[in-house]
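Asks: return atomic coordinates for the entry below.
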Amino acid sequence: MFRFIDCNWMEWRTVEIRDENGEGFDTVQCEDMVFPKQFLRMQPEVRMKAIKEMKYRDGDVLLCSYPKTGTHWVFNIMHFLMIPGPVEEMLMASPKLLDLHPLEEIENLSSPRVIITHLKPDRLPVEHLQTRGKIILVARNPRDTMVSHMYHTQRHDVFNYSKLPWNCFFPTGSYFDYYNCWQKALEEQNKNLNVQSPLYENLIKGNGHWRNRFTFAQDEVFDKVLEEKFKNSIFNTSV
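Replies: Numbers count the residues shown, from 1 in each chain. Purely as a prediction, here's the structure:
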């Protein structure tokens with residue numbers, strides 16, 4: 001269940017995501033952006049402007065994705081491929097999310113930088129796009145993305161460890177809007193964007209966990225949603 005509350009500051013509004021017992025967490029929304037409520041502490045208008053104006057550095061790669069689509073896993077693969085050194089000495093790296101991490105930390109990263117973001121293309125650093133900087137756009141089966149979201153909300157205090165029903169997902173904005181927005185950008189600016197889009201399922205072995213969570217009836221409903229929202233999508237590889 002979603003309940004909207006007007007937020008006078010900077011045109012953000014609070015959205016209460018609750019189950020039938022009133023348990024859940026709050027997000028804040030402005031236009032197409034959805035963040036944890038704590039985001040309001042980060043001067044969002046100033047931050048979004050600074051992201052758009054961020055300077056491109058030779059070798060930068062933007063790793064773009066909808067949340068819980070295998071972002072951190074792909075990030076570490078990229079890190080190991082781009083950072084020289086013996087494999088046995090490599091350690092898992094801690095990614096920096098452009099949307100939420102202090103921008104000073106991202107500026108201070110050594111090159112080549114892999115910068116993670118869940119922002120849509122029209123909110124990315126302009127200079128990176130203008131110079132045809134490399135972009136890796138990760139996609140994942142939306143059913144598995146929902147399951148991953150469910151576990152994520154249960155394990156993190158920012159979501160109050162909430163055990164929410166399916167009708168409360170996706171809590172971080174529309175999965176379908178995110179990839180449809182990217183498809184539109186690719187169709188309109190194909191020659192100007194340097195994008196590779198791997199499917200998470202093609203990078204791992206085995207089938208996803210959604211088959212253990214969806215009932216037959218739920219799967220049928222999801223198929224109808226896919227037909228409605230993703231009919232002509234290049235990202236509709238749900239299996």
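
Asks: hey, let's count contacts and neighbours off CA atoms from now on
Replies: Fine.

Asks: would you mind measuring from the residue of the chain positioned farthest from its centre to residue 99?
Replies: In the chain, residue 86 marks the outermost C-alpha relative to the chain mean, sitting 30.7 Å out by Cα atoms, centre = their mean. Applying Cα to Cα, to the nearest Å, the value for residue 86 to residue 99 is 32 Å.

Asks: pLDDT below threshold where in this protein?
Replies: 1-10, 87-92, 159-161, 165-171, 206-208, 238-239 (pLDDT under 70).

Asks: quick one, strands of it?
Replies: All strands of the chain, identified by DSSP state E, fall at 2-5, 13-18, 24-30, 33-36, 61-65, 114-117, 134-138, 194-196.

Asks: in TSV, list these along with distance to residue 176 and mean neighbour count.
Replies: Conversion of those to TSV gives the following (distance: least, Cα to Cα, whole Å; neighbours: other Cα atoms under 10 Å):
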stretch	distance to residue 176	mean neighbour count
strand 2-5	18	12
strand 13-18	19	20
strand 24-30	17	20
strand 33-36	14	18
strand 61-65	12	23
strand 114-117	17	22
strand 134-138	14	20
strand 194-196	19	15
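
Asks: my read: residue 16 touches residue 22, true?
Replies: No. Using Cα atoms under 8 Å, residue 16 is not in contact with residue 22, being 9.4 Å away.

Asks: and the strands of the chain as TSV, adding distance to residue 188?
Replies: Converted to TSV, the strands of the chain look like this (distance: least, Cα to Cα, whole Å):
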stretch	distance to residue 188
strand 2-5	34
strand 13-18	31
strand 24-30	25
strand 33-36	22
strand 61-65	18
strand 114-117	21
strand 134-138	16
strand 194-196	13
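
Asks: residue 153: which of those is closest?
Replies: Of all the strands of the chain, the one in closest proximity to residue 153, counting by Cα to Cα, is strand 24-30 (9.2 Å).

Asks: and the spatially most central residue of the chain, how far from residue 95?
Replies: For the chain, residue 66 is the residue whose C-alpha lies nearest the centre (Cα atoms, centre = their mean; 2.6 Å). Using Cα to Cα, residue 66 is found at 15 Å from residue 95.
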